[in-house]
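Novice: please find the sequence and the predicted model below.
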Amino acid sequence: MILHLEEVNPATSLLPFSSSENRLIKHLKGSFFPLFFLAVAGGSLLAEEKKIILNEGVALTVNALAKKQSSVVLRGHKGWVAAIAFSPDGKWLVSGGEDETVKLWAVDSGKVAKEFGKEDSAVTALAFSPDARFLATGFWNGAVKVRSMANDKETLYLNGHEENVTCLSYGPKGKLIASGSSDDTLKLWDAKTGKELLEIEQGNEYDVTCLAFSPDGKRIVTGDGESELKVWEVEQGDELMTLSGHDATVSATAYSPDGKFIASGSQDNLIKIWDDEGNEVRTLRGHASDVTAIAYGPKGKTLVSCAEDKTARIWDIQSGKAIQVIKGHADHLTAIACSPDGKRVAVASKGVVTIHPLARRVVE
């Protein structure tokens, strides 16, 4: 049975009836807010608009609802967590950091499902393969390791960078692994054999700080410490364009799901959106200090970001405005990841990873 109300005046009482006996069960007096939609599901009476939930005659206020949908804090790392990633199905989250460990968490329970053996260097980057069968890990010592998620065994050891690995990604088809480093190089590897296929120098003697594949896998964008982004053709490594507009190190970048736009975050506190021809089309302002990480939502309409101002923000790209600001973190945030369904965002900080539920308007 579905009960539907148009708008109920805040002063109006709610009168639930038994559908089987057509009798008044309990007189529930009006809340402080209008109710727009009511539904019965599994014996629970639900009131939309996040104003109130009525379950078996018990009214839960907004605070109780927030508690029911509260953030999940994952504790277990010692020191800063540098990298996080959701599995493609959204059920798992992997994290790694300066304590030289990689942990796999069950997203729903917030418990450690698996802890991989202690590494010999700090973890700086993480990436799942598109089929979730493999996990690539980048390290401070310049190495990249690939392990099987089925048996935890190391399948590849990619050794070629002379300084720490700063960023890591699988190509959309899972055939390539891209790694960026403080040695000013971007390397492309065969994800099956581990063979180095291509080395690209950023060309300005600055770190390659971030990277992202285009959805079709034909291009890759990199950011650097000289405030620029460069777009490369994957097959031959040709430079296609340079994006200039930031005033400080570009710390994060991402391609939109449709491949038409590139987003970049910088230590100038700004996020910029660029079209596929290299034109700056929008600037997102709101963070009070260095932007450390960004990611697109699954539909490409929203962008999530985190910064050293201890906040995460969810942006409506069309308007350029933040539609949700997540505060309350004890330290600055180092990494961010959006779940594949767009309903959660995870952020990393000192010793903790926090998974936050997103507001309904953000998901839609």
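Specialist: Here it is on my side, so go on.
Novice: low-confidence stretches in the stretch 101-250 of the chain?
Specialist: Across the stretch 101-250 of the chain, the stretches falling below the confidence threshold (pLDDT under 70) are 204-205.
Novice: and with 90 instead?
Specialist: 116-119, 202-206, 226 (pLDDT under 90).
Novice: for the closest residue to Ile323 other than its chain neighbours, phi and psi?
Specialist: In space, not counting the residues next to it along the chain, Ile323 is nearest to Asp316; the distance is 5.0 Å by C-beta to C-beta, 6 or more residues apart in numbering. From N, CA and C alone the C-beta is placed, and that goes for glycine too. When quoted as degrees, to the nearest 10, the phi and psi of Asp316 stand at phi -90, psi 110.
Novice: start and end of stretch 275-289, how far apart?
Specialist: Taking C-alpha to C-alpha, to the nearest Å, stretch 275-289 runs 25 Å from one end to the other.
Novice: return the set of buried residues in it.
Specialist: Buried residues in stretch 275-289, defined by neighbour count with 16 or more other C-beta atoms under 10 Å: 276, 282, 284, 286-287.
Novice: which one of those sits closest to Ser95?
Specialist: His287 (22.6 Å; C-beta to C-beta).
Novice: and what about the residue lying closest to Ser266 once chain neighbours are set aside, helix, strand or coil?
Specialist: Here the nearest residue to Ser266 in space, its sequence neighbours aside, is His246; by C-beta to C-beta, 6+ apart that works out to 4.1 Å. The local conformation at His246, judged by DSSP: H, G, I helix; E, B strand; the rest coil, is coil.
Novice: roughly how far does His246 sit from Ala288?
Specialist: Relative to Ala288, His246 is positioned 17 Å away (C-beta to C-beta, to the nearest Å).
Novice: ditto for Glu233
Specialist: Looking at Glu233 against Ala288, where the rule is C-beta to C-beta, the gap reads 37 Å.
Novice: all helices of the chain, in order?
Specialist: Read by DSSP state H, the chain holds these helices, from start to end of the chain: 62-68, 360-363.
Novice: weakest of these by average pLDDT?
Specialist: Within the helices of the chain, the least confident segment by mean pLDDT turns out to be helix 62-68, at a mean of 36.
Novice: tell me the pLDDT of the residue nearest to Ile323.
Specialist: Confidence per residue is given as pLDDT, and for Asp316 that number is 97.
Novice: is it bridged to anything, and to what?
Specialist: In this structure, Asp316 has beta-bridge partners Thr302, Lys321, where bridges are defined by DSSP bridges.
Novice: how is the chain carved up into domains?
Specialist: By the assignment in automatic domain parsing, the chain contains the domains 1-70, 72-363.
Novice: now stretch 202-219, how far from the centre of its chain.
Specialist: Centroid separation between stretch 202-219 and its chain, computed with C-alpha atoms, centre = their mean, to the nearest Å, is 19 Å.
Novice: may I have it exported as CSV, CA atoms only?
Specialist: Taking only C-alpha atoms (Å, rounded to 0.1, in the frame of the first residue of the first chain), the coordinates of stretch 202-219 have been written out as CSV:
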residue,chain,number,x,y,z
GLN,A,202,57.0,15.9,-18.6
GLY,A,203,59.7,18.2,-19.9
ASN,A,204,60.0,20.8,-17.2
GLU,A,205,62.1,19.0,-14.6
TYR,A,206,59.1,19.0,-12.2
ASP,A,207,57.3,16.0,-10.7
VAL,A,208,54.5,14.3,-12.5
THR,A,209,52.0,14.8,-9.7
CYS,A,210,48.8,13.3,-11.1
LEU,A,211,47.4,11.5,-14.1
ALA,A,212,44.2,10.2,-15.7
PHE,A,213,43.3,8.2,-18.7
SER,A,214,40.5,9.4,-21.1
PRO,A,215,37.5,7.0,-21.1
ASP,A,216,38.4,5.6,-24.5
GLY,A,217,42.0,5.0,-23.4
LYS,A,218,43.5,7.0,-26.3
ARG,A,219,44.7,10.0,-24.2
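Novice: good, we can wrap up now.
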